[in-house]
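Enquirer: structure for the following, please:
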Amino acid sequence: MKNKEFLKLVKSELGPGQNNAEIMAYYVAKTGQTEFKTFRQWKEAGYQVKKGESSYPVFSRPIGDIKAAQKGEAASAEDKKYFGIAHLFHAGQVEKI
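Expert: Next up, the predicted model:
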């Protein structure tokens, strides 16, 4: 799912003001899967994402938090206003390496 599709889904099907817990509940109900991880997390666990699989996006930490952490600084309240998008894959989309 592309970022624009995700944001459209959040607005139309889930309604405004949704948090990741509600988004994940929607994905669990839609897929029947309960284990979701990022590409990197699956790779570290010894799995690879199957070719052609699409991710399930959720909101990441605030972008300002991520950038501040990379610099070793504390993020200000202003830096915590905007969120990125993290992409997850469920257990049915991966295979053991």
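Enquirer: what kind of secondary structure is G84 in?
Expert: Using DSSP: H, G, I helix; E, B strand; the rest coil, the structure places G84 in strand.
Enquirer: need the next SSE after the lowest-mean-pLDDT helix or strand in the chain, C-terminal direction.
Expert: Least confident helix or strand of the chain, by mean pLDDT, DSSP states H and E, is helix 3-9 with a mean of 73. The first helix or strand that comes after helix 3-9 along the chain, using DSSP states H and E, is helix 20-31.
Enquirer: which other residues reach that following helix?
Expert: Applying C-beta atoms under 8 Å, 6 or more residues apart in numbering, the contact partners of helix 20-31 are V10, E13, L14, Q33, T34, F36, Y56, V58, F59, L88, H90, G92. For glycine as for every other residue, the C-beta is placed from the backbone atoms N, C-alpha and C.
Enquirer: 6 Å instead?
Expert: Residues outside helix 20-31 that contact it (C-beta atoms under 6 Å, 6 or more residues apart in numbering) are T34, Y56, V58, F59, H90.
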